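Q: what shape does this take:
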Amino acid sequence: MTPISRLLTAAATSLALTSLGCGGDGSTLGPDGRLLVEDCGIAVADGITVDGAAVTVTLSQLSAQIFTPNCSGCHGSFPSENMSLLPDDIAASIIDVQSNQRPSLKRIDPCNPDGSYLLQKVNGTGAKAQMPLGGTPLSAAQIQLIVDWVNAGAPPE
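A: Okay, here's the model as predicted:
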């Protein structure tokens, strides 16, 4: 398995584990605040176990596993607030882009999760309604993955 495949598998496993409640109390967070999967005792594909390595998430993974299934109903082909969260558009729509609702904030402000309006919206602290509108709020683990990505500089890939 290539290093990139291993990373993708680890990140996907991390998302699956967080939905099962693994690490929800912070006991499986590394010193940098990112999720560790070592305490979960789960083997990933091909018999490889992720042993204590912090999982780094990419925008592609966030798009596929969080934004597309939860947000694309409103932020898809005809996006609300002109913010498409579709895979081909997401980076240009959110990274360093001024928020329409809060012009003093960027949708995603790299390295600044507290100043990222998208995170305020999914946390329910932004103007108007919590996102996803009419849907189940994102879990704390899903939001933490977005925070980790923003803290890592919000790389477009």
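
Q: okay, now the domains of this protein?
A: The record's domain split for the chain, according to automatic domain parsing, is 3-47, 59-151.

Q: next helix or strand past the helix-or-strand element of the chain with minimal mean pLDDT?
A: Within the chain, no helix or strand scores below helix 3-19, which has a mean of 43 by mean pLDDT, DSSP states H and E. Counting by DSSP states H and E, the next helix or strand C-terminal to helix 3-19 is helix 59-62.

Q: packing partners of whichever helix or strand comes after that next one?
A: With elements assigned by DSSP H and E, the helix or strand that comes after helix 59-62 is helix 68-71. Contacts defined by 3 or more CB pairs under 8 Å, 6 or more residues apart in numbering; DSSP states H and E place helix 68-71 against no helix or strand at all. Every residue, glycine included, has its C-beta placed from N, CA and C.

Q: list the contacts of the helix or strand following helix 68-71.
A: The C-terminal neighbour of helix 68-71 among helices and strands, as given by DSSP H and E, is helix 90-94. Under the criterion CB atoms under 8 Å, 6 or more residues apart in numbering, residues 59, 63, 67, 75, 79, 82-85, 107-108, 118, 156-157 lie in contact with helix 90-94.

Q: please render those as CSV that adds distance to Pro132 and pLDDT to the earlier fields.
A: Formatted as CSV, those follow (distance: CB to CB, whole Å; pLDDT from 0 to 100):
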residue, distance to Pro132, pLDDT
Leu59, 18, 88
Ser63, 14, 86
Phe67, 9, 85
His75, 9, 79
Pro79, 13, 70
Asn82, 17, 72
Met83, 13, 77
Ser84, 15, 77
Leu85, 10, 79
Arg107, 15, 90
Ile108, 16, 92
Leu118, 11, 89
Pro156, 22, 87
Glu157, 24, 82
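
Q: just the buried residues out of those, in ChimeraX syntax.
A: Those of these that count as buried under 16 or more other CB atoms under 10 Å are selected in ChimeraX with:
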select :59,63,67,75,79,83,84,85,107,108,118
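
Q: picking up where we left off before, mean pLDDT for the domains of the chain: which is lowest?
A: Lowest mean pLDDT within those: domain 3-47, at a mean of 42.

Q: Gly134: which of the contacts of helix 90-94 is nearest?
A: Using CB to CB, His75 comes nearest to Gly134 of the contacts of helix 90-94, at 12.9 Å.

Q: distance of the spatially closest residue to that closest one that is not a sequence neighbour from Asp114?
A: In space, and not counting its chain neighbours, His75 is closest to Leu85: 4.1 Å by CB to CB, 6 or more residues apart in numbering. Counting by CB to CB, to the nearest Å, the gap from Leu85 to Asp114 is 21 Å.
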